[in-house]
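> The sequence and its predicted three-dimensional model are supplied below.
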Amino acid sequence: MTDLNANLPDPRALLRSLFDAAVAAAQPALCLTPHLPAPPKGRTIVIGAGKASAAMALALEAHWPGPLEGLVVTRYGYQQPCQRIEIVQAAHPVPDAAGLAASQRIAALVTGLTADDLVIALISGGGSSLLVAPGVGLTLADKQAVNTALLASGATISEMNCVRRHLSSLKGGRLGALCHPAQLLTLLISDVPGDAPMDIASGPTVTDATTCAEALDIIARYRIEVPAAVRALLESGRGETVKPGDARLQNSEVRMITAPQIALEAAAQVARAAGITPCILGDSLEGEARDVAKVLAGITRQVALHGQPFQRPCVLLSGGETTVTMRGTGRGGRNVEFLLALAVALGDLDGVHALAGDTDGVDGIEEIAGALLTPDTIARAWAQGMNPRSFLDNNDAHSFFQALGDSVLTGPTLTNVNDFRAIMIT
């Protein structure tokens, strides 16, 4: 094995280069401009919400030949120096008053347009919290309470967004309906498993076939405590979304400009160039972070010990969105929870390095993208008096990896194509 690995690059550096390549492949400046239409006869209005929306707006501005105006809302710290499109910053993952005010202004901006006008909607992950507009009878406090409970419940992103759509006055196609009769083009950056448009930022400009009854079922399934007004809205059916076939969205087009699979393929290309065989396991892996870790640990062990189903050296790449059911009082983060669970499952297995991170640069609510795992992670932790399983049980993986100096920091990446996982076996 020594001779085999003699010419391989440093695993930590290579893993970081794979992550950086995945993020770079999803940059709006690279992937947005091929999807721009011709200018309309009338006005061009740009609206948007998400962690990548400001970078998308900047790319659009740089390549749009005619008059342009608009407003997008992005996460604090993700602003870009646009000249014609206003950028507003708000809170994520729990919404705030700035997001509410921006959402109201966006709704007003697309009201009263004509068939000669064009609305370009720039939608990316994070938009569910940023485009906060409570449904009938609800308050911002109600939305904040539900969002907080959903994030800690263990529900999948699809389930969380089903609930969010039915508690909004803009999501679930309602913002798109407000644009009628103008032409509507939605440009999407996917951060969800399966790339379903209705799940990206809870689908503000696309139709939705799910129902209030389904939202109630999700609340019951995860035993989520919700304000009385929330339950009343769902039980009354007044929270229903815009359904397929609605005439208000017939003059609408949706284009996916980048997605997790594209990011994984970019990382695979870098690995291949470094002499490491890339193996993409999937772009939409879901489940509890520690359960996904156990499965990938089993595959890793089979590769390391038996050369099946892949020969070493190789790197196992995957994307998607895991979930964390918060039972402890730690600092959470689904990517670092996955990585710590992977470390515990692998034990003292030699020759395995890994990186897990969120491509938006924020894992959970921490300004940390993720972390790195090395073959001696567990040994170094015990040497510092840290019990890895205790940190895992307390959902405190960020503290664990920070203490080891193995956090991955990127700052705002200005894009978001969900989680990135790379397990390198040498």
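Nice, I can see it. Residues are numbered from 1 along each chain as shown.
> Check the protein for its longest helix and report it.
helix 289-306 (DSSP state H).
> residues in contact with residue 297?
By CB atoms under 8 Å, 6 or more residues apart in numbering, residue 297 lies in contact with 342, 345-346. Placement of C-beta: from N, CA and C, glycine included.
> Show the model's pLDDT score for it.
Listed pLDDT for residue 297 reads 98.
> Could you number the chain from 18 rather than 1 from now on?
I'll keep to 18 as the first residue from here, and by that count the last item is residue 314.
> residues contacting residue 252?
Residue 252 neighbours (CB under 8 Å, 6+ apart): 229, 233.
> With residue 133 instead?
Residue 133 neighbours (CB under 8 Å, 6+ apart): 57-60, 199.
> switch to 7 Å and redo it
57-59 (CB atoms under 7 Å, 6 or more residues apart in numbering).
> Same question for residue 441.
So residue 441 contacts 28, 31-32, 293, 332, 370-371 (CB under 7 Å, 6+ apart).
> Could you pick out which of those residues are located in helices?
Counting by DSSP H, these contribute 28, 31-32 to helices.
> And residue 92, how far from residue 67?
Residue 92 is 8 Å from residue 67, where distance means CB to CB, to the nearest Å.
> My error: substitute residue 49 in the last question.
From residue 49 to residue 67 the distance is 13 Å (CB to CB).
> go on, residue 90?
Counting by CB to CB, the gap from residue 90 to residue 67 is 8 Å.
> which neighbours do these two share?
residue 147.
> Give the ChimeraX command for selecting the buried subset of the ones in helices among the contacts of residue 441.
Buried residues among those (16 or more other CB atoms under 10 Å), as a ChimeraX selection:
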select :28,31,32
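> now the ones in helices among the contacts of residue 441 in CSV, with pLDDT?
Compiled in CSV, the ones in helices among the contacts of residue 441 are given as follows (pLDDT from 0 to 100):
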residue, pLDDT
28, 97
31, 98
32, 98
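> Let's have the ones in helices among the contacts of residue 441 in CSV, adding distance to residue 237.
Below are the ones in helices among the contacts of residue 441 laid out as CSV (distance: CB to CB, whole Å):
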residue, distance to residue 237
28, 45
31, 46
32, 41
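> which one of the ones in helices among the contacts of residue 441 is nearest residue 303?
residue 32 (22.6 Å; CB to CB).
> Chain neighbours aside, what residue packs nearest to the closest one?
residue 372 (4.1 Å; CB to CB, 6 or more residues apart in numbering).
> Next one, pLDDT for that neighbour please.
98.
> So what sits opposite it in the bridge?
Note on residue 372: beta-bridge partners by DSSP bridges are residue 389, residue 439.
> what sits against it?
Shown in contact with residue 372 (CB under 7 Å, 6+ apart): 32-33, 36, 387, 389, 425, 439.
> And residue 292, by the same measure?
24-25.
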